[in-house]
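Engineer: pasting a predicted model and its sequence here:
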Amino acid sequence: MNSSIRFKLSFMMFLEFFIWGAWFVTLGTFLSTNLSATGSQTASVFSTQSWGAIIAPFIIGLIADRYFNAEKILGVLHLIGAFLMYQMYNATDISMFYPYVLAYMILYMPTLALVNSVSFNQMNDPEKDFSSIRIWGTLGWIAAGLLISFYFHWDAQASAEVGLLKNTFAMAGIASLALGLFSFILPKTPPKVSKEEAVSIGGLLGFDALKLLKDKNFLLFFVSSVLICIPLAFYYQNANLFLSSIGMENATGKMTIGQASEVLFLLFLPLFFKRFGFKKTILVGMLAWAVRYMLFAYGNAGDLSIMLILGIALHGICYDFFFVSGQIYTNSMAGEKYKSAAQGLITLATYGVGMLIGFEVAGFITDNYKLVDGSTNWQMVWTVPAGIAFAVFLLFALSFSDKKITKSNIND
């Protein structure tokens, strides 16, 4: 890969995740402070990510893979996204905001697959080259958080109270406009499927891999993946609001510690996976979710702030040891015939169904523990997902058999 193409792909990844990190991390705080949203209303807004994940395969499979170059679809989606970000910036109540965020997430979620498609199309050895490109996405997310907290100070309590958090949508919109225009000079990525080739809805959603569920261990992993996304949703929906409301300074910037740890533990994952196997690796990931939420439940922004920082830093273990190792396991179980379908099925189960349920549960729990003075009993809000994560940990520990991975029972 020549240096020009490497730069273009790296900059594409940087902007792709800079856009997401620029507004999604502080979304819960914005909804509460700017739009006075309830827990249930906040859950509905966050659930748009899940609807986007469910609808994304149709956009990719029915349009991008068949009729247009991936980089051109990427450009158009981000240009429309810039307009929608501007509308979200101007929204003054939740009823005005929701239609725009729903439309935006339906258009944004497919771009996650499109940037991968553009990247892979330029690589002779994706296993070697992709990580060095993808890491720029994580750096983009980190850069957005650092700008919000340490340069613009939009998440400071005084700034949030006067409504400055809405500027995150303006920043994301400008970046979306930039990526939309930049996409048209990205390397050409023509359609991979002919217009005449038959396509099934089940194939787009990964249903062709349902026969993997005949294996008891994979079925248990599949169910656990859905269930563990319930506590995951609590983090996305409540973490920034929680940290800001209890007085942590520069909360958004400090939350980027989670992305930094994600990069670090991603380097250790292959070694851990090889030495201890899939079951122990994924159990560590599950247990980390329970531990981080108990740290949130009993930490504070004063003398116990280190507990909150540790809880944030555990994100690398929580995400990499469960989700990334789960992708490796799925790939090993599926074989060549069902590899893509299996990954699609797990994505639908986690970011689609699992987090859709999770956001609703998180909204209900948050509303249920509102106090009469309008504050929130955060200790209970975090104890609930900690309990859920620990229950999934026990279910998996007691039921999953860490036998040698075979495909013979699946591909019959």
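Structural biologist: On my side now, so go ahead.

Engineer: could you count how many residues lie near residue 305?
Structural biologist: Residues lying near residue 305 (other CB atoms under 10 Å) number 17. Quick note: C-beta positions are derived from backbone N, CA and C, even for glycine.

Engineer: before we move on, what about residue 128?
Structural biologist: Residue 128, neighbours per other CB under 10 Å, totals 9.

Engineer: look at it and report its pLDDT.
Structural biologist: With respect to pLDDT, residue 128 scores 73.

Engineer: before we move on, what about residue 331?
Structural biologist: pLDDT, residue 331: 76.

Engineer: what strand or helix carries it?
Structural biologist: Counting by DSSP states H and E, the element that carries residue 331 is helix 325-347.

Engineer: next SSE downstream of that helix?
Structural biologist: Assigned by DSSP H and E, the successor of helix 325-347 is helix 355-368.

Engineer: give the buried residues for that next one.
Structural biologist: 355, 356, 357, 358, 359, 360, 361, 362, 363, 365, 366, 367 (16 or more other CB atoms under 10 Å).

Engineer: how far off centre is the host helix or strand of residue 118?
Structural biologist: Element membership for residue 118 (DSSP H and E) is helix 94-120. Chain-centre distance of helix 94-120: 12 Å, with CA atoms, centre = their mean, to the nearest Å.

Engineer: go on, stretch 319-328?
Structural biologist: 13 Å.

Engineer: endpoints of it, how far apart?
Structural biologist: Using CA to CA, to the nearest Å, the end-to-end distance of stretch 319-328 comes to 13 Å.

Engineer: heading C-terminal from the helix or strand hosting residue 133, find the next helix or strand.
Structural biologist: Counting by DSSP H and E, the element that carries residue 133 is helix 126-146. Of the helices and strands lying after helix 126-146 in sequence (DSSP H and E), the nearest is helix 157-161.

Engineer: ok, and what's touching the helix or strand just after that next one?
Structural biologist: For helix 157-161, the following helix or strand on the C-terminal side (DSSP H and E) is helix 167-182. Contacting residues not belonging to helix 167-182 are listed as 8, 11-12, 15-16, 18-20, 22-23, 26, 30, 74-79, 81-83, 85-86, 88-89, 144, 147-148, 152, 154 [CB atoms under 8 Å, 6 or more residues apart in numbering].

Engineer: just the buried ones among the residues you listed, please.
Structural biologist: 8, 11-12, 15-16, 18-20, 22-23, 26, 30, 74-75, 77-79, 81-83, 85-86, 88-89, 144, 147-148, 152, 154.

Engineer: next step: these restricted to helices.
Structural biologist: If you go by DSSP state H, these have 8, 11-12, 15-16, 18-20, 22-23, 30, 74-75, 77-79, 81-83, 85-86, 88-89, 144 in helices.

Engineer: surely residue 244 and residue 165 touch.
Structural biologist: No: with contact defined as CB atoms under 8 Å, residue 244 does not reach residue 165; the gap is 9.4 Å.
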